[in-house]
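In: The amino acid sequence is not available; the structure is as follows:
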């Protein structure tokens with residue numbers, strides 16, 4: 001009878017234990033899935049709750065970022081053990097609440113090595129290494145985990161010598177400690193010491209091998225990394241990726257590609273690295289091929305391909321990829337948004353720019369000073385100066401980058417007074433001007449002929465603004481003096497520069513000489529440019545026209561032959577316009593004609609008749625001198641900006657401004673023609689060329705014919 005009762009009680013006890021274990025498992029599973037309410041329901045329905053059940057639900061609340069509820073339940077526990085107290089400390093630490101964890105630690109009736117180690121880890125993760133050291137020194141006993149956590153904290157701060165001393169003191173060095181030490185030594189370039197530890201390891205895991213391989217790679221010892229990689233017994237995705245990345249960082253793209261092709265499983269990280277590596281190397285098509293082959297893509301994948309397109313001048317493709325990303329339902333990440341904003345600025349795609357600005361507002365990212373600077377630049381380059389100023393005005397405090405952005409905007413739109421006013425306001429607020437600021441404000445003076453103001457600022461650079469003039473500042477001054485016709489003074493500045501004049505300086509001077517018809521000085525500048533940039537077609541064309549104007553046809557033939565031998569080709573003029581969120585590109589002449597080319601040509605013919613009635617005569621000095629007059633007129637009539645404007649007149653509603661962008665500086669003939677187009681059509685035409693903005697309205701340009 002007694003035996004029967006005993007068996008019955010044992011059976012109920014086993015059944016109860018099984019039910020309790022099952023309930024605890026459900027609590028843990030629901031908490032892991034983020035269903036903390038379901039976990040709590042299971043807990044509340046338990047007829048008998050042991051310490052393990054209480055510990056499980058408290059851990060669940062911490063896991064689901066509800067530390068207050070976890071603490072409330074802890075306070076209600078009828079019984080607690082050391083595991084309960086340690087769970088409370090660990091929960092606070094996981095929620096980045098190290099001060100609360102310390103209060104619990106100080107209140108504990110007893111502590112073990114887990115308690116002490118948890119606090120060392122908590123302080124370490126918050127970067128409070130001094131506090132971690134204090135706790136570590138006070139520990140009554142230390143295990144291998146506590147030693148390793150403290151070692152990692154010192155290595156994280158780059159305190160390599162102290163880490164080495166601690167490492168030497170460790171009674172037991174496990175594989176984690178040895179691997180951490182290898183990584184820290186490699187970070188400091190101490191490869192021999194790292195290799196010594198690696199070679200002495202009784203057991204190495206894949207992380208140890210990868211750390212040593214990565215160490216060699218980071219210190220530009222790629223061949224040593226490869227030798228170690230080849231003898232590695234077991235390779236995983238991380239080790240393959242580390243080796244591929246090493247080749248990419250060393251610029252050895254083909255070797256990286258060969259290894260990448262051999263990877264048994266291509267990780268997303270390796271694919272992203274290959275996309276960036278190929279893209280930086282100019283192999284955009286191969287980069288896109290890898291992108292298209294990827295089944296899984298992360299934020300970095302999309303950012304990489306968009307950035308490659310943007311950096312390599314494939315702005316339209318970058319914009320297409322942005323649209324593709326949206327169609328796929330991928331949420332835009334911060335790097336992608338910034339890159340696409342740069343594309344919008346480059347293409348002057350204001351509609352897409354506004355769309356991204358709206359997304360930034362919804363994501364509360366527009367309060368970032370860097371984002372605001374990029375937004376200002378985007379609106380400036382789209383010709384939306386009022387919108388740029390609104391973004392600028394609403395942000396406070398402003399840093400020097402933001403001030404530079406708005407000063408540049410004023411300069412590019414020919415508003416020198418506003419640029420100078422912003423510059424002086426910035427200085428009065430105690431924000432120190434940097435090198436870029438001075439370039440911006442000197443450019444503003446150059447674009448508007450403010451010679452006196454430009455000279456004063458340049459002469460005060462070292463004494464007042466504490467900025468040493470560089471080549472870019474001298475280029476601004478040469479441009480300023482040259483545009484104003486002070487060619488002799490500009491030449492003196494070039495000759496007296498403390499550094500050798502570069503192509504930008506001579507290019508500015510050459511353009512000024514050509515505008516002021518000083519052919520002798522223009523010839524001298526062009527010859528200097530040919531020495532500095534033998535592949536630049538600009539000086540060849542200018543020299544050819546100078547020789548032709550002087551009747552030196554032999555020199556013209558010689559120059560043309562030299563161009564052919566050096567395979568120098570002139571960059572075609574290219575203009576673009578956005579219509580209904582699509583960017584339309586145009587090149588001069590009939591190269592890669594627009595699908596509606598014939599319609600555009602007809603519109604140009606109608607415009608041509610109106611312009612002739614208004615007194616327009618093509619200026620043949622802006623094309624090669626040895627062309628027939630009729631051919632000159634035809635060439636001028638098909639300049640890319642005229643094609644873009646004609647398309648805008650065909651497609652855009654009457655009250656809407658026609659915004660055209662051009663990759664080169666607008667020529668004098670086009671400038672004169674567009675002024676008349678604005679008059680005869682009654683349309684506002686905004687043209688951004690390589691230097692600045694021109695706002696054409698009622699036959700007048702905002703630049704005052706000074707550009």
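Out: Noted; the coordinates are in hand. Note that the structure is predicted; figures quoted are calculated from it, not measured.

In: can you pull out the strands in the stretch 601-707 of the chain?
Out: For the stretch 601-707 of the chain, the strands defined by DSSP state E, counting those that start in this stretch occupy 658-662, 685-688, 693-697, 700-701.

In: helices or strands next to the third one in the packing?
Out: For strand 693-697, the elements it packs on are helix 668-681, strand 685-688, judged by 3 or more CB pairs under 8 Å, 6 or more residues apart in numbering; DSSP states H and E. C-beta: built from backbone N, CA, C; applies to glycine.

In: Looking at the ones you listed, spot the one closest to residue 204.
Out: Among the helices and strands packed on strand 693-697, the nearest to residue 204 by CB to CB is strand 685-688 (59.6 Å).

In: can you list contacts of the closest one?
Out: Residues outside strand 685-688 that contact it (CB atoms under 8 Å, 6 or more residues apart in numbering) are 348, 381, 383, 412, 641, 645, 648, 657-662, 666, 674, 677-678, 693-697.

In: one more time with 7 Å, if that's ok
Out: By CB atoms under 7 Å, 6 or more residues apart in numbering, the residues outside strand 685-688 that reach it are 348, 381, 383, 641, 645, 657-662, 666, 674, 677-678, 693-696.

In: again, but for stretch 73-91
Out: For stretch 73-91, using CB under 7 Å, 6+ apart, the contacting residues are 51, 54-55, 57-59, 61-62, 67, 70, 101, 104-105, 108, 110, 112, 114-115, 118-119.

In: from the residues you listed, which would you call buried?
Out: Using 16 or more other CB atoms under 10 Å as the burial test, these include 54-55, 57-59, 61-62, 67, 70, 101, 104-105, 114-115, 118-119 as buried.

In: In helices, which of these appear?
Out: Among those, the members falling in helices are 54-55, 57-59, 61-62, 67, 70, 101, 104-105, 114-115, 118-119 (criterion: DSSP state H).

In: and those residues, which two are the farthest apart?
Out: Taking CB to CB, no two of those sit farther apart than 57 and 119, at 23.7 Å.

In: Could you single out the most deeply buried of the strands of the stretch 601-707 of the chain?
Out: Each of the strands of the stretch 601-707 of the chain was scored by mean neighbour count; the highest is strand 658-662, a mean of 25, by mean count of other CB atoms under 10 Å.

In: got the angle between that strand and helix 668-681?
Out: 170 degrees (axes from the mean of the first three to the mean of the last three CA atoms, to 10 degrees).

In: between strand 658-662 and strand 693-697, what angle do the directions make?
Out: Strand 658-662 and strand 693-697 are oriented at 150 degrees to each other (the same axes, to 10 degrees).

In: Mind giving me the packing neighbours of strand 658-662?
Out: When contacts are defined as 3 or more CB pairs under 7 Å, 6 or more residues apart in numbering; DSSP states H and E, strand 658-662 sits against strand 574-579, helix 640-651, strand 685-688.

In: which one of these lies closest to residue 445?
Out: Residue 445 sits nearest to strand 685-688 of all the helices and strands packed on strand 658-662, at 19.9 Å, using CB to CB.

In: List of residues touching the helix or strand that contains residue 168?
Out: Element membership for residue 168, per DSSP states H and E: helix 160-169. Applying CB under 7 Å, 6+ apart, the set of residues contacting helix 160-169 from outside is 150-151, 154-155, 177, 181, 184-185, 188.

In: again, but for stretch 380-392
Out: With CB under 7 Å, 6+ apart, stretch 380-392 has contacts from 345, 348, 350, 353, 372, 375-376, 379, 402, 405-406, 408-409, 412-413, 659, 686, 688, 693.

In: Quick one, which of those residues are buried?
Out: 345, 348, 350, 353, 372, 375-376, 379, 402, 405-406, 408-409, 412-413, 659, 686, 688, 693.

In: Narrow those to those in helices?
Out: Judged by DSSP H, the buried ones among the contacts of stretch 380-392 include 345, 350, 353, 372, 375-376, 379, 402, 405-406, 408-409, 412 as members of helices.

In: hmm, which two among the residues you listed are most spread apart?
Out: Maximum distance among those (CB to CB): 20.1 Å, for 350 and 402.

In: Closest one of the ones in helices among the buried ones among the contacts of stretch 73-91 to residue 301?
Out: residue 62 (33.4 Å).

In: residues touching the closest one, list them.
Out: For residue 62, the contact set (CB under 7 Å, 6+ apart) comprises 70, 91, 94-95.

In: let's see 6 Å
Out: Shown in contact with residue 62 (CB atoms under 6 Å, 6 or more residues apart in numbering): 70, 91.

In: What residues of the helix or strand residue 452 falls within count as buried?
Out: Using DSSP H and E, residue 452 falls within helix 451-459. Buried residues in helix 451-459, counted by 16+ other CB under 10 Å: 451, 453-455, 457-458.

In: Between the residues you listed, which sits nearest residue 23?
Out: Using CB to CB, those come closest to residue 23 at residue 457, 77.3 Å.

In: Pull up the per-residue confidence for that closest one.
Out: Looking at residue 457, its pLDDT stands at 97.

In: same check, this time on residue 61
Out: Taking residue 61 on its own, its pLDDT is 87.

In: what does the one 10 residues further on give?
Out: What the model reports for residue 71 is a pLDDT of 90.

In: And for residue 620?
Out: On the pLDDT scale, residue 620 gets 55.
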